[in-house]
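Output the structure for:
(one chain, ligands or ions: 1)
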Amino acid sequence: MARDFTSVGVVGLGTMGAGIVEVFARNGVDVVAVEVSADGLERGRAILTGSTDRAVAKGKLAEADRDALLSRVRFEVGLDALHSVDLVIEAVPEHLNLKQRIFAELDRVCKPEAILATNTSSLSVTEISVATTRPNQVIGIHFFNPAPVMKLVEVVRTVVTSTDVVADVEALCKRLGKVDVTISDRAGFIANALLFGYLNHAVGMFESHYATREDIDAAMKLGCGLPMGPLALMDLIGLDTAYEILDTMYRRGGRDRRHAPVPLIKQMVTAGLLGRKSGRGFYTYERPGSPVVVPDERTPVATQAAVGDGTRTIDATGGAGSASSELASPAAVTKIGIVGSGTMATGIIEVFAKAGYEVVSVTRGAEKSARVFEAVKTSLNKGVVRGKLSEADRDAALGRINWSATLEHLADVDLVVEAVVEELSVKKALFASLDEICKPGVVLATTTSSLPVIDVAMATQRPADVVGLHFFNPAPLMPLVEVVETIRTSAETTATARAVCAALGKTGVVCGDRSGFIVNALLFPYLNDAVKMLEASYSTADDIDHAMKLGCGYPMGPFELLDVVGLDVALAIQRELYLELREPGFAPAPLLEHLVTAGYLGRKSGRGFRDHTRR
Ligand SMILES: NC(=O)c1ccc[n+]([C@@H]2O[C@H](COP(=O)([O-])OP(=O)(O)OC[C@H]3O[C@@H](n4cnc5c(N)ncnc54)[C@H](O)[C@@H]3O)[C@@H](O)[C@H]2O)c1
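Residues are numbered from 1 along each chain as shown. Next up is the predicted model:
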């Protein structure tokens, strides 16, 4: 029979501890909540009451239940108050010495049968456990932030944790309404081992002015469906905590340079910019502890842009480029040329025609044009069936498209979007032709997802007018476009590209011309790391998928996503990233290479990390 936990202690009532108190008290467990000082206690109490009051205001918790919840919590200074609890969860700052000191003290204070647990994110549970005389009763119970919301708990057993203790804690997690994955003691466990390299990389992009904070965050939210962008997440975690986690992972996890904290993080911690808890981190908050972002000197300004049939204001958060492109005036764009007849070209034609632009579609022949026309019509018809588009609007959109097989018809367009095959020689030849045909001042855009935009730009005599417009598939649905500036792109060209994205109802994020732009550069190394973790037999594909979905709120786990994207596509992107950046940690996982060689490409081939029924 599983042990009955009637009272627990929580040590440290910061970002995590206060949330953990709430989880237990909400589930009928008495909690002794301990801090190091009266001030700390008050801060912890304020976090708890703030969170439960918000739950009441949102109608998620009845007032009486909130009062009952709060009545189960006893606030105390000092560990002595924990003498009779059945379980203690420690959530003090991420320092090994501090945790070891606290565990030695807990060992002295707590009753002999009590279980002692740490909420550490990256430190060795084993090293913490040996500070006690009962290492077999020491375990990791790693909650996710915010603890009352996130469903996942990583249960970390060391080589000496007794199996009874593991089983009891697993049963407790179930009682708390959490889903647990039980794993062994490795730096970062599952979720943080996959998350922190990505977060650090995103901070590096921000530090090097590769893209703005708003654009980095918007890219990952809109391009991958993540609940929040990496910089906003760093603010939620707390930069001091994030620094310690990265530093520990670097030292414990094989000195992977991707975990060496980006220098900016340390500077921000030293300057007291800790994130939400101090009221300022990458963003500025209404007050310390508040989730509400307020404008500051980095907030992009809204600009007026003449687009399509009128002038409209670009949402300041809808894509902020470099300061110069914010100040530059976008050119008026009414007529668009789109070259290509594949999936992306077809989607992009639909997007522009639906948004009211006159479109000239150029394909390699009437047959291809007819096929694209049918595809666009079918897609628009789906909108009509779903009641999202009237028949008249569908007909008007189709009527705005001119079909052609010769590039000469692009002589009077204001913007060309190239979406032909992903081969540099083909794209370069096309841009050289466009250079001869198009009128001066026209923006020439490529949708390449992996080739350097500068190579394409230099095939023309007007590299300042060339930009990347990286749409996501399916273009009519995905709200994100990466606007890729080369070192020769003019501020006006970027401004025009951003204005056009806004007029399409999409968010244009501006970034530099580097392999993977923002989204793929941040996404694929994380997927590759998940494959390496599986390959090392640390956990199963199911548990890794669970961990990322329930611990971090990702819409899909890495293996689900890899099977959808295609393992061959993932491998190709990862190889590009590795070749360009020469980062050893980006080397494709051997297992990924083997699966691709074996023809296990994911859904499209019926088998990838999992089996799929062929469609
Ligand atoms: N922040 C996150 O997103 C997150 C997520 C999961 C796990 N964790 C882990 O949880 C732990 C706590 O992190 P946090 O972000 O909540 O830190 P935090 O800095 O927000 O809170 C730590 C609290 O511990 C208190 N404290 C310090 N020394 C103490 C002592 N001797 N006795 C009692 N209380 C003491 C501090 O006053 C502070 O209130 C760390 O191990 C961290 O790695 C953090």
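
Just give the closest residue to whichever residue of the chain sits closest to the ligand, not the sequence neighbours.
Residue nearest to the ligand within the chain (Cβ to the nearest ligand atom): residue 14, separated by 1.8 Å. No exception for glycine: its C-beta is placed from N, CA and C like everyone else's. Of all residues not flanking residue 14 in the chain, residue 91 sits nearest, at 6.8 Å (Cβ to Cβ, 6 or more residues apart in numbering).

can you check residue 27 too?
residue 176 (5.1 Å).

What about that neighbour, how many residues nearby?
Residue 176 has 21 neighbours, counted by other Cβ atoms under 10 Å.

In contact with it, which residues?
23, 24, 27, 153 (Cβ atoms under 8 Å, 6 or more residues apart in numbering).

got it, and residue 347?
379, 471, 473, 474, 475, 476.

Helix or strand for it, just tell me which one.
helix 343-354 (DSSP states H and E).

cool, and residue 482?
strand 480-485.

angle of that strand against helix 343-354?
100 degrees (axes from the mean of the first three to the mean of the last three Cα atoms, to 10 degrees).

Quick check: next helix or strand after strand 480-485?
Using DSSP H and E, the helix or strand that follows strand 480-485 towards the C-terminus is helix 491-503.

need the next SSE after that next one, C-terminal direction.
In N-to-C order, the element after helix 491-503 by DSSP H and E is strand 507-512.

Could you pull out the buried residues of the next helix-or-strand element following that following strand?
Sequence-wise, the next helix or strand beyond strand 507-512 is helix 519-535, with elements assigned using DSSP H and E. Neighbour-count burial for helix 519-535 flags 519-534 (criterion: 16 or more other Cβ atoms under 10 Å).

so which of the contacts of residue 347 comes closest to residue 299?
residue 471 (26.5 Å; Cβ to Cβ).

doesn't residue 449 make contact with that closest one?
No. Taking contacts as Cβ atoms under 8 Å, residue 471 lies outside contact range of residue 449: 9.1 Å.

Identify the residue nearest residue 110 in space, chain neighbours excluded?
Closest to residue 110 by Cβ to Cβ, 6+ apart is residue 82, at 5.7 Å.

ugh, wrong one, I meant residue 453
Closest to residue 453 by Cβ to Cβ, 6+ apart is residue 468, at 4.2 Å.

The residue nearest to residue 26 when sequence neighbours are not counted and residue 58, how far apart?
Distances taken as Cβ to Cβ, 6+ apart put residue 69 closest to residue 26, at 5.5 Å, once the chain neighbours are dropped. Noted for residue 69: a distance of 15 Å to residue 58, by Cβ to Cβ, to the nearest Å.

Name the residue in those two with the higher neighbour count.
For residue 69 versus residue 58, the count of surrounding residues by other Cβ under 10 Å is larger for residue 69: 21 against 8.

List the residues that contact that one.
So residue 69 contacts 22, 25, 26, 52, 61 (Cβ under 8 Å, 6+ apart).

The first one is in what secondary structure piece?
Going back to what we said before, that points to residue 22. Per DSSP H and E: helix 17-26 holds residue 22.

send the alpha carbons of that helix over as CSV?
Provided in CSV are the C-alpha atoms of helix 17-26 (Å, rounded to 0.1, in the frame of the first residue of the first chain):
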residue,chain,number,x,y,z
GLY,A,17,8.2,26.9,-3.9
ALA,A,18,5.1,29.0,-3.6
GLY,A,19,3.6,27.2,-6.6
ILE,A,20,4.4,23.8,-5.1
VAL,A,21,2.7,24.9,-1.8
GLU,A,22,-0.4,25.7,-3.8
VAL,A,23,-0.4,22.3,-5.6
PHE,A,24,-0.4,20.4,-2.3
ALA,A,25,-2.8,22.6,-0.4
ARG,A,26,-5.2,22.5,-3.3
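
Now do it: which elements does it pack against?
Counting by 3 or more Cβ pairs under 8 Å, 6 or more residues apart in numbering; DSSP states H and E, the packing neighbours recorded for helix 17-26 are strand 7-11, strand 30-35, helix 38-57, helix 63-71, strand 138-143.

Return the residues of this structure in contact with the ligand.
11-17, 34-36, 40, 91-94, 102, 119-121, 142-143, 145, 237-238, 241, 245, 277 (Cβ under 6 Å from any ligand atom).

among the residues you listed, which ones are buried?
11-17, 34-36, 40, 91-92, 94, 102, 119-121, 142-143, 145, 237-238, 241, 245, 277.

Are we agreed that residue 360 is in a strand?
Yes. The assignment for residue 360 is a strand, going by DSSP: H, G, I helix; E, B strand; the rest coil.

Quick check: it touching residue 410?
Yes. In this structure, residue 360 is within contact of residue 410 by Cβ under 8 Å, at 6.0 Å.

Now do the shared contacts for the two.
residue 337.

quick one: stretch 422-434 to chain centroid distance?
In terms of Cα atoms, centre = their mean, to the nearest Å, the centre of stretch 422-434 is found 33 Å from the chain centre.
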